[in-house]
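Engineer: Would you be able to build a 3D model of this:
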Amino acid sequence: MKPTTPTSVQIPKVLTIAGSDSGGGAGLQADLKVITALGGYGMTVVTAITAQNTLGVMRIQDVDLDVVEAQIDAVFVDIGVDIVKIGMLASPEIVRSVASALKRHGARRVVLDPVLRATSGASLGGDDTAQAMIAELFPMSSLITPNLEEASLLLGRDIARLDDFKQAAEELLDMGPQAVLIKGGHLDSTHTQLTDFLMWRTMEDGLEVVQSKEFKHYRVNTANTHGTGCSLASAIATYLADGHDLPHAVAKAIAYVEAGLEAGCFLSIGEGPGPLWHMHDFYPTALPEEEGKY
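Structural biologist: Okay, here's the model as predicted:
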């Protein structure tokens, strides 16, 4: 008897283009954990290999440009991509190569996390890379997700107060992306409440309208925050690929990361700031030793 062909099942296909984190807490490794946890199929393009752990970034080795483009080609030609999430691009040349390859394949949805500096302070890009991102990737981005330091680098001035968020988002939106999410996690650490500010373009009756929304949530009291930016952008991308509209995708992604920070509060991984717990929906919450510490 001829075997029955199973019914085709489609899940969100998310391509992350970023650097590798040997410590497993950020970069491609974090992206894949998030995409998988949220029901997507993750694919990768390695742009750089980093030697890093919870204490910082020790070394960065860029991947050859032709290899970066070949990885993008391989995924698009065979598997297909519902959405692209971009993280660490360590040089202007890599930015231009990624942009060229994505244009060649007609990538329609791109979430760009403009990673320019590690939490440890190590440079992961620089001014030239930032300008290349603005010129090449901003116009094709559905959303960019800078934190306050990255927004300051992109705009050339300090963004240090909540009152600055709206104007900063307007200026970043004028650079070409369809939406901007400014993350407020680096605001004064004495604030127990955080605010992330989303601004986006939409069409109503044939006219472009700009809308905005604030997302207020509390600061989780933990040192284990490594990879939160990567994780948030990947979560937003996965929710968008799964059919959620932008404000809903952002809200769900913030809730996912917040839950991961809570679950990872007592994780002991490395001597420095450890990662959030990406798999909190599938495995028990990490608890202090007397309650079953991981």
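
Engineer: what's around V84, how many residues?
Structural biologist: 28 (other CB atoms under 10 Å). For every residue, glycine as well, the C-beta is placed using N, CA and C.

Engineer: And the pLDDT at it?
Structural biologist: Looking at V84, its pLDDT is 98.

Engineer: just T7 next, same as before
Structural biologist: Confidence score, pLDDT, at T7: 71.

Engineer: Okay, and the residue nearest to V115 when sequence neighbours are not counted sits in which element?
Structural biologist: Once flanking residues are discounted, V115 sits nearest to M88: 4.5 Å by CB to CB, 6 or more residues apart in numbering. Per DSSP states H and E: M88 is located in neither a helix nor a strand.

Engineer: quick one: M88 from A255, how far?
Structural biologist: According to CB to CB, to the nearest Å, M88 stands 25 Å off from A255.

Engineer: Test my guess that the residue nearest to V115 contacts A48.
Structural biologist: Yes - M88 lies in contact with A48 (CB atoms under 8 Å); the separation is 6.1 Å.

Engineer: can you pull out the strands in the stretch 1-150 of the chain?
Structural biologist: Applying DSSP state E, counting those that start in this stretch to the stretch 1-150 of the chain gives strands spanning 13-21, 41-53, 56-62, 83-86, 110-112, 143-144.

Engineer: Same list (those strands) but as a markdown table, adding distance to T129.
Structural biologist: Output for the strands of the stretch 1-150 of the chain, formatted as a markdown table (distance: least, CB to CB, whole Å):
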| stretch | distance to T129 |
| --- | --- |
| strand 13-21 | 12 |
| strand 41-53 | 11 |
| strand 56-62 | 11 |
| strand 83-86 | 12 |
| strand 110-112 | 12 |
| strand 143-144 | 14 |
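
Engineer: on that earlier part again, of M88 and A255, who's got more company?
Structural biologist: Set M88 next to A255 and count neighbours by other CB under 10 Å: M88 wins out with 26 against 13.

Engineer: can you pull the contacts of T47?
Structural biologist: T47 sits next to 17-19, 62-63, 68, 88-90, 94, 98 when contact means CB atoms under 8 Å, 6 or more residues apart in numbering.

Engineer: Please disregard the earlier target; I meant P114.
Structural biologist: So P114 contacts 125, 130, 133, 144-146, 150, 154 (CB under 8 Å, 6+ apart).
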